[in-house]
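> below are the sequence and a predicted model; questions follow.
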Amino acid sequence: MSLRNRELLNLVVVGALTALGFASVYIARQSVVSTASLSYAAFFFALYLVAHLVARYAVPYADPYLLPMAALLTAIGLTEIYRIRPGDAFRQAVWIIIAVAVFAGTLWALRRDYRRLESYKYIFGLTAIGLLILPALPGIGTTVNGARLWIHFGSLQFQPGEIAKLCLIVFLAGYLREKREVLAQGRLKDFGPLLLIWGGAMLVLVETNDLGSALLYFGIFLAMLYVATGRLLFTGIGLALFLAGSYFVYTQVAHVHERVTIWLHPWTDQKVYCALTGHMALRQDCGSYQLVKSLYSIASGGFGGTGLGKETIETTQGHPLIPSLNTDFIYSALAQGLGLIGISALILLFMVFVLRGMRIALLADDGFSKLAGAGLTFGFALQTFIIVGGILRIIPLTGITFPFVSYGGSSVVANFVLLAGLLLISNRANAPREA
């Protein structure tokens, strides 16, 4: 069976799973049996069939599993978003259509040779810096839950950091491919642009009040630096610099200090000052309310879960039990519905995606492709760890989205561009060589 036929077969399986999942949620929500789930699955399959046809022409030798896995993740996310808030599910579906269109456009535009992007590496680096600065600009920058990560144009909100992440990876792949030998020798003058990235990560932390974003950008930088040079010492020094900078910001920035305090002590027996109300309250009823309710939600799922569509998402008064459930905390809703077994399977799906991505990077036969593949895959893996780790209290909670699953247009578009990049690299690595 050819690679693309295998991809098509996997998409058929994803379509069937999508129909079953949406039927479960629809029946639980509407209390009626309807053909709506079949029409929903048919539309979903048709959308990804178009993506498959573009991939069949543009990247015939690419990995056959990445697109079906992305389709399954978006289907799970969209189904759960419909359970939480049907209106948001419609808007998310529109964003998925846009994302698939951008995915197809990226494959088509770069099908001949994506490596020409390396010639514009400094433009990508400057673009990344510009995008990260945008949320700090007055008039368009928006603060959500204490973090300044968004910009708005009228009713449209966008998170430029998602696109900046991709631009940063292209810059690092091009620069490190060019300088990898001298960097391995430890010449200080060649570390100037890389130290600039470290300073930029710290500035992002101060600007956005978000530890997770700085960790994501700088983590990608350290991983790609290690892949390029093979020097673990450089990674250790970079990690020490990041920890020192983070500690400084923790002592100076109130929002970051509060996030760390909530992480370490989400429950209190004595009332503490609540910045949200200006009064004294238990921390679990104020600053750590979302995190605590999220942990309770995960625990109530048990091993087998309550079933999709039967999660407890509202109070008896009809108010949301966990604010931002379809964005920052959608993992909690899924963990309650799927249980430990189901959510472990979902995490395993993310792990397989990362495994396939790293395999693509290993198979690539040129430095730029190897570094770009490793950077894209590690960025995806680290983003997943940051959001899941924050919800499970492994690290402080951040506002980073759950890739392909959380509600958010900028995130889903950026992840489909990431997917296109991996397929382009995979196609070149697997293509038969002419004599």
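Arrived safely. Residues are numbered from 1 along each chain as shown.

> can you give me the strands in the stretch 101-250 of the chain?
Taking DSSP state E, counting those that start in this stretch, the strands of the stretch 101-250 of the chain run over residues 141-144, 147-153, 156-158.

> per-residue pLDDT, the closest residue to Tyr122 other than its chain neighbours?
On the basis of C-beta to C-beta, 6 or more residues apart in numbering, the spatially nearest residue to Tyr122 that is not a chain neighbour turns out to be Phe171, at 7.1 Å. Every C-beta, even on glycine, is put in place using the N, C-alpha and C of the backbone. pLDDT recorded at Phe171 is 91.

> burial count for Phe171?
By the measure other C-beta atoms under 10 Å, the count of residues near Phe171 is 27.

> do Ala240 as well
Look at Ala240: counted by other C-beta under 10 Å, it has 10 neighbours.

> where does the stretch 51-200 of the chain have low pLDDT?
Along the stretch 51-200 of the chain, the model assigns pLDDT under 70 to residues 139, 141-150, 152, 154-155, 186-190, 194, 197-198, 200.

> run the last query once more with 50
For the stretch 51-200 of the chain, no stretch is flagged by pLDDT under 50.

> mind jotting down where the helices sit in it?
66-84, 86-109, 121-133, 160-184, 192-208 (DSSP state H, counting those that start in this stretch).

> out of these, flag the one nearest Phe44.
Among those, helix 66-84 comes nearest to Phe44, with 6.1 Å by C-beta to C-beta.

> now do the strands in the stretch 251-400 of the chain.
Along the stretch 251-400 of the chain, the segments classed as strands by DSSP E, counting those that start in this stretch run 272-273, 280-281.

> now these in JSON lines, with mean pLDDT?
Putting the strands of the stretch 251-400 of the chain into JSON lines (pLDDT from 0 to 100) gives the following:
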{"stretch": "strand 272-273", "mean pLDDT": "84"}
{"stretch": "strand 280-281", "mean pLDDT": "84"}
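
> now distance to Arg259 and mean neighbour count too, for these, in TSV please.
Shown next, in TSV, are the strands of the stretch 251-400 of the chain (distance: least, C-beta to C-beta, whole Å; neighbours: other C-beta atoms under 10 Å):
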stretch	distance to Arg259	mean neighbour count
strand 272-273	15	13
strand 280-281	18	14
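
> make a markdown table from those and add distance to Leu9 to it.
Shown next, in a markdown table, are those (distance: least, C-beta to C-beta, whole Å):
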| stretch | distance to Leu9 |
| --- | --- |
| strand 272-273 | 56 |
| strand 280-281 | 55 |
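
> wait, which of those is closest to Ile129?
Proximity to Ile129 (C-beta to C-beta) singles out strand 272-273 among those, at 37.1 Å.

> so how far is that closest one off the chain centroid?
33 Å (C-alpha atoms, centre = their mean, to the nearest Å).

> give the pairing partners of that strand; include direction for each.
Under the criterion DSSP bridges, strand 272-273 sits next to strand 280-281 (antiparallel) in its sheet.

> need the contact partners of stretch 53-67.
With C-beta atoms under 8 Å, 6 or more residues apart in numbering as the test, stretch 53-67 has contacts from 3-4, 6-7, 10-11, 48, 51-52, 103-104, 107-108, 111, 352-353, 356-357, 359-360, 419, 422-424, 426-427, 430-432.

> so which of those residues sit within helices?
3-4, 6-7, 10-11, 48, 51-52, 103-104, 107-108, 352-353, 356-357, 359-360, 419, 422-424, 426-427, 430 (DSSP state H).

> and these, which are buried?
Taking 16 or more other C-beta atoms under 10 Å as the criterion, what is buried in those is 3-4, 7, 10-11, 48, 51-52, 103-104, 107, 353, 356-357, 360, 419, 422-424, 426-427, 430.

> ok, Ser24 to Val94 distance?
According to C-beta to C-beta, to the nearest Å, Ser24 and Val94 sit 23 Å apart.

> between the two, who's got more neighbours?
A direct count of neighbours by other C-beta under 10 Å for Ser24 and Val94 places Ser24 higher, at 18 against 10.

> quick one: that one and Gly301, what's the gap?
Separation of Ser24 from Gly301 (C-beta to C-beta): 15 Å.

> residues in contact with Tyr273?
279-280.

> go again with 7 Å.
Listed by C-beta atoms under 7 Å, 6 or more residues apart in numbering, the contact set of Tyr273 reads Met280.

> start at 23 instead
Done: numbering now begins at 23, and the last item shifts to Tyr295.

> for it, give the beta-bridge partners.
Beta-bridge partners, per DSSP bridges, of Tyr295: Met302.

> which parts of the stretch 273-422 of the chain are helices?
276-286, 311-322, 352-385, 389-413.

> between these, which one is nearest to Gly152?
Of the helices of the stretch 273-422 of the chain, the one closest to Gly152 (C-beta to C-beta) turns out to be helix 389-413, at 19.0 Å.

> show me what the closest one packs onto, helices and strands only.
Where contact means 3 or more C-beta pairs under 7 Å, 6 or more residues apart in numbering; DSSP states H and E, helix 389-413 is packed against helix 182-206, helix 233-251, helix 352-385, helix 431-452.

> can you list the ones you listed in a markdown table and add distance to Tyr311?
Listed next are these as a markdown table, based on distance: least, C-beta to C-beta, whole Å:
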| stretch | distance to Tyr311 |
| --- | --- |
| helix 182-206 | 26 |
| helix 233-251 | 19 |
| helix 352-385 | 13 |
| helix 431-452 | 24 |
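
> perfect, I'm done here.
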